[in-house]
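Peer 1: generate a structure from the sequence data that follows.
(one chain, ligands or ions: 1)
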Amino acid sequence: MKTKITELLQIEAPIIQGGMAWVAEHNLAAAVSAAGGLGIIGAANAPADWVRGEIQKARELTDKPIGVNVMLLSPYADEVAQVLVEEKVPVITTGAGNPGKYMEQWKAAGSKVIPVVASVALARMMERGGADAVIAEGTESGGHIGAATTMTLVPQVVDAVDVPVIAAGGIGDGRGMAAAFMLGAEAVQMGTRFVVAKESICHANYKERIIKAKDIDSAVTGRSHGHPIRQLRNQMTKEYIKKEQEGVPFEELELLAVGSLRNAVVDGDVKHGTVMAGQIAGLVKKEQTCQEMIDEIMKEASALMQGVK
Ligand code: TUI
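Peer 2: All right, here's what the predicted structure looks like:
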């Protein structure tokens, strides 16, 4: 399948893996890229040396291009940005902010820069700043989210910018991918489905929670202080949301959240940890290799789109 994004990024399947903190490390990224999509190393809150090491380890596993996601709220964002220049990372996605201050150095190093946007205004600003494409991410996504749904955001961003648009949020199979193409997207980004990949190092308890999740099993914490995070309901979300309703200040809420994603992903504490996942978790039913996932999604989407596009 050829689209503007497969051409731009030199990949076979228009499927990009989300830059998920603790999960998107070299094994998963290399497996997605080897399967024809674009694997992403999630820099999240990690120090620059860790990011460099992951890039190098991924490159030992595959010759295919691999990208890095920069989480712009990270205290290490400046150092990570520099490592990406030194390592000549072919594709950089960004999340949770405005990457404007890094754009020039990344473009000069030859990287394709693809910011995640949650609004038309930011999409326009990113295009003006030199973005090669944008990821329009709806509120169905896991983790840090915006307000608009994928169904409403994607066509409005498509109409507003000339660069190709990648749809994200609530996409987990070939039907979601075909729907995204109907909205004008040129590729999709998926996170939740790849969390349960065989190559994903995520703890078995976390994978099991996604596999057993039902349609309405996620909740959003942090709305009271403007950093909404979608995650699966558990003891943690119950306590957090109760405290938010009581008007507990941000600093105290933060104490509940610090280290909680690591506790879930690495140690498997899915009761008190943060189990970030998108609303599509209810559709994700089994662990598969990245190759099996990508082949299945491509086959299903292609069949649905026969004669349509
Ligand atoms: O970034 C994400 N998802 C994330 S980041 C993250 S890091 C974290 N880890 C542990 C606890 C708390 C946070 C987890 N999930 N998705 C991309 C995304 N970007 N969604 C929304 C946005 C966004 C929001 C506002 C992008 C830009 C923006 O603009 C701000 C501005 O300056 O205009």
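Peer 1: residue contacts, residue 44?
Peer 2: 19-22, 24, 69, 71, 74 (CB atoms under 8 Å, 6 or more residues apart in numbering). In this view, the C-beta of every residue, glycine as well, is placed from N, C-alpha and C.
Peer 1: just say helix, strand or coil for it.
Peer 2: At residue 44 the chain is in coil, as set by DSSP: H, G, I helix; E, B strand; the rest coil.
Peer 1: look up the pLDDT of it for me, please.
Peer 2: Residue 44 carries a pLDDT value of 97.
Peer 1: what's the neighbour count on residue 211?
Peer 2: 15 (other CB atoms under 10 Å).
Peer 1: so it sits against residue 283, correct?
Peer 2: No. Counting by CB atoms under 8 Å, residue 211 sits too far from residue 283 to count as a contact (10.5 Å).
Peer 1: tell me which other helices or strands the helix or strand of the chain with the lowest mean pLDDT touches.
Peer 2: Ranked by mean pLDDT, DSSP states H and E, the weakest helix or strand in the chain is helix 250-257, scoring a mean of 91. Helices and strands touching helix 250-257, by 3 or more CB pairs under 8 Å, 6 or more residues apart in numbering; DSSP states H and E, are helix 235-245.
Peer 1: returning to what we had before: which of the contacts of residue 44 fall in strands?
Peer 2: Counting by DSSP state E, the contacts of residue 44 place 69, 71 in strands.
Peer 1: re earlier: report the angle between the least confident helix or strand of the chain and helix 235-245.
Peer 2: For helix 250-257 against helix 235-245, the angle by axes from the mean of the first three to the mean of the last three CA atoms, to 10 degrees is 170 degrees.
Peer 1: the chain should start at 28 in everything you say after this.
Peer 2: Taking 28 as the first residue, the last one we looked at is helix 277-284.
Peer 1: name the residues that touch the following helix or strand past helix 277-284?
Peer 2: Sequence order places helix 287-292 as the next helix or strand after helix 277-284, per DSSP states H and E. Outside helix 287-292, the residues that touch it by CB under 8 Å, 6+ apart are 48-50, 229-230, 232-233, 263, 296-297, 299-303.
Peer 1: for the ligand, what's the nearest residue on the stretch 128-277 of the chain?
Peer 2: residue 170 (2.3 Å; CB to the nearest ligand atom).
Peer 1: which residues does that residue bridge with?
Peer 2: residue 257 (DSSP bridges).
Peer 1: need the residues of this structure near the ligand, please.
Peer 2: 48, 71, 98, 122-125, 143-145, 149, 164, 170-173, 256, 288 (CB under 6 Å from any ligand atom).
Peer 1: just the buried ones from those?
Peer 2: Among those, those buried by neighbour count (16 or more other CB atoms under 10 Å) are 48, 71, 98, 122-124, 143-145, 149, 164, 170-173, 256, 288.
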